[in-house]
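A.B. asks: Structure, please.
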Amino acid sequence: MRLQLWAAVLGVVIGADPLGGLAQNADPVAEAEKQWEDAKQNYAAELSKLQKSVDDHFAAFERKARERGDTKRLKELAEERVAYEESGAMPKYFDRFSYARYKRTAQSDLKNSQKVLLTAYLKAKRDAEALELEDELASLLEPPSDEATTKDARVRWLNTSYKTTIHQVKGKEWAETQNWDQVVKWRLKETGRTREYIELYNMTRRETWRVYGNRVDLKEGDGWKLIAHGRWETVADSRD
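C.D. replies: Coordinates of the predicted model:
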């Protein structure tokens with residue numbers, strides 16, 4: 001009887017704090033990596049919202065100009081759009097202050113998450129990954145320049161599994177196009193870049209991909225799953 005009673009008491013004590021044991025055994029790096037992946041997806045989503053606000057601005061003003069038959073204003077809007085796409089200059093009458101404030105908040109959240117993972121890497125003496133993480137943050141905050149894009153030959157990935165091509169449209173904008181009819185299958189946002197892979201986020205499917213030299217991996221839970229084989233296009237391919 002006494003043995004049974006002590007066994008019952010011991011069971012209650014062990015089960016009284018089920019999360020305590022998990023917290024002690026949890027891998028701080030793994031937890032920080034998961035938070036970083038979530039932060040990158042959230043950042044990509046926020047940037048898409050900002051882009052949509054600019055697109056909606058142009059669409060609304062163009063519609064009004066067409067209704068008035070104002071060709072002069074349509075020409076101005078076309079010039080504003082070119083300036084925005086080439087240099088990021090905000091269009092006339094656009095609420096650029098709210099845009100900038102919203103973007104700063106999104107960047108701050110991303111930086112905070114990166115700092116947590118960076119600290120975890122350094123404490124674990126994973127210095128190489130810490131350095132890559134710093135490069136990744138820089139590439140997220142600043143879109144690749146034309147010069148950087150020219151230096152990085154990874155702009156078109158030939159998907160041999162599904163006969164499609166993943167290609168860079170401009171800056172962080174990517175797309176996957178069907179080879180047989182050139183129809184855009186998915187529009188993608190670059191969320192990271194290292195020497196080994198380029199990370200893309202599919203907003204429609206809410207998926208994160210990593211495009212390597214010979215494969216594409218899909219983020220699945222805490223791990224990655226191979227979903228396609230292929231390779232980066234070479235100079236010889238572009239001549240064909």
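A.B. asks: use CA for all of it now, contacts and neighbours both
C.D. replies: Will do.
A.B. asks: Check which helix or strand the residue positioned nearest the centre of the chain maps to.
C.D. replies: In the chain, the residue lying closest to the centroid (CA atoms, centre = their mean) is residue 191, at 2.4 Å. For residue 191, the host element (DSSP states H and E) is strand 184-193.
A.B. asks: ok, residue 43 to residue 108 distance?
C.D. replies: Distance from residue 43 to residue 108, counting by CA to CA, to the nearest Å: 10 Å.
A.B. asks: And for residue 140?
C.D. replies: As for residue 140, its distance to residue 108 is 12 Å (criterion: CA to CA).
A.B. asks: can you pull out the helices in this structure?
C.D. replies: Counting by DSSP state H, the chain has helices at residues 2-16, 18-25, 28-68, 71-87, 96-123, 127-141, 146-151, 235-239.
A.B. asks: Need the ones you listed in JSON lines (columns: mean neighbour count and mean pLDDT).
C.D. replies: Shown next, in JSON lines, are the helices of the chain (neighbours: other CA atoms under 10 Å; pLDDT from 0 to 100):
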{"stretch": "helix 2-16", "mean neighbour count": "11", "mean pLDDT": "44"}
{"stretch": "helix 18-25", "mean neighbour count": "10", "mean pLDDT": "45"}
{"stretch": "helix 28-68", "mean neighbour count": "16", "mean pLDDT": "90"}
{"stretch": "helix 71-87", "mean neighbour count": "14", "mean pLDDT": "84"}
{"stretch": "helix 96-123", "mean neighbour count": "16", "mean pLDDT": "92"}
{"stretch": "helix 127-141", "mean neighbour count": "16", "mean pLDDT": "86"}
{"stretch": "helix 146-151", "mean neighbour count": "11", "mean pLDDT": "52"}
{"stretch": "helix 235-239", "mean neighbour count": "8", "mean pLDDT": "58"}
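A.B. asks: would you turn these into CSV with distance to residue 219?
C.D. replies: Formatted as CSV, the helices of the chain follow (distance: least, CA to CA, whole Å):
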stretch, distance to residue 219
helix 2-16, 33
helix 18-25, 24
helix 28-68, 9
helix 71-87, 31
helix 96-123, 18
helix 127-141, 17
helix 146-151, 25
helix 235-239, 29
